[in-house]
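Novice: turn this into a structure:
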Amino acid sequence: MNKTISINIGGFVFNIEEDAYQKLYQYLNTIKKNFTSEEEREEIMHDIELRIAEIFQACLSASKQVIMDKDIEQMIEIMGRPEDYVSGMNSTQSQTKNRPQKVILIFKIHPAKDFSEILKMKRWEVYALV
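Specialist: Residues are numbered from 1 along each chain as shown. From the prediction side, this is the model:
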C-alpha cells in the first residue's frame, strides 16, 4: 500500500503516489529555475503543465487511477529533461559558439482529435542555428 496525494496540474486533478509527486515537483521546479529572468515564465510553465496533464490523462484508465513513478519517467521521456529547457537569456554561450541549440516545442492538442500516435512518440526535437 502506497500513500497518494491529490494534485492539480494544468487545471486537472490527479491522484499521484508520494514518491512520484516528489519527482514531479523537483522536475517542475528545475524547469522553472531555467526561466527565472523570463517575463513569460508563468505562461511557459502553464503550457508545460497542460502538456503534462494531457500525458497523465493518457496514462489513466478505469483500472488505473493513480499516477505512479513509471508514469513520471514516461512523461520525462516525452517532455525532455529539465536541462533541455533553455531560456533565451541563458543561451548566449551556445550563440557565440555558432552550433545548433536544442529547442523544445510545447503545443496544445485539440481534445476532439485522436492523437494517440503522437503520445506514443518519445520526443519531438527541432534544431535551429542560433
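
Novice: from now on I want contacts and neighbour counts done on CA atoms only, so please keep to that.
Specialist: Noted.

Novice: quick check: the gap between Ile78 and Glu54.
Specialist: Going from Ile78 to Glu54 by CA to CA, to the nearest Å gives 11 Å.

Novice: what about the helices in this protein?
Specialist: With helices called from DSSP state H, the chain shows them at 18-34, 41-59, 69-79, 92-96, 116-120.

Novice: for the third one, output the C-alpha coordinates as PDB.
Specialist: Put plainly, it is helix 69-79. This file holds the C-alpha atoms of helix 69-79, laid out as PDB (Å, rounded to 0.1, in the frame of the first residue of the first chain):
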ATOM      1  CA  ASP A  69       6.800   6.700 -10.600                       C
ATOM      2  CA  LYS A  70       6.900   4.900 -14.000                       C
ATOM      3  CA  ASP A  71       4.400   7.400 -15.400                       C
ATOM      4  CA  ILE A  72       6.700  10.300 -14.300                       C
ATOM      5  CA  GLU A  73       9.600   8.600 -16.100                       C
ATOM      6  CA  GLN A  74       7.500   8.200 -19.200                       C
ATOM      7  CA  MET A  75       6.400  11.800 -19.100                       C
ATOM      8  CA  ILE A  76      10.100  12.900 -18.700                       C
ATOM      9  CA  GLU A  77      11.000  10.800 -21.800                       C
ATOM     10  CA  ILE A  78       8.300  12.600 -23.800                       C
ATOM     11  CA  MET A  79       8.800  16.100 -22.400                       C
END
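
Novice: and stretch 43-61, what's buried?
Specialist: 44-45, 47-56, 59 (16 or more other CA atoms under 10 Å).
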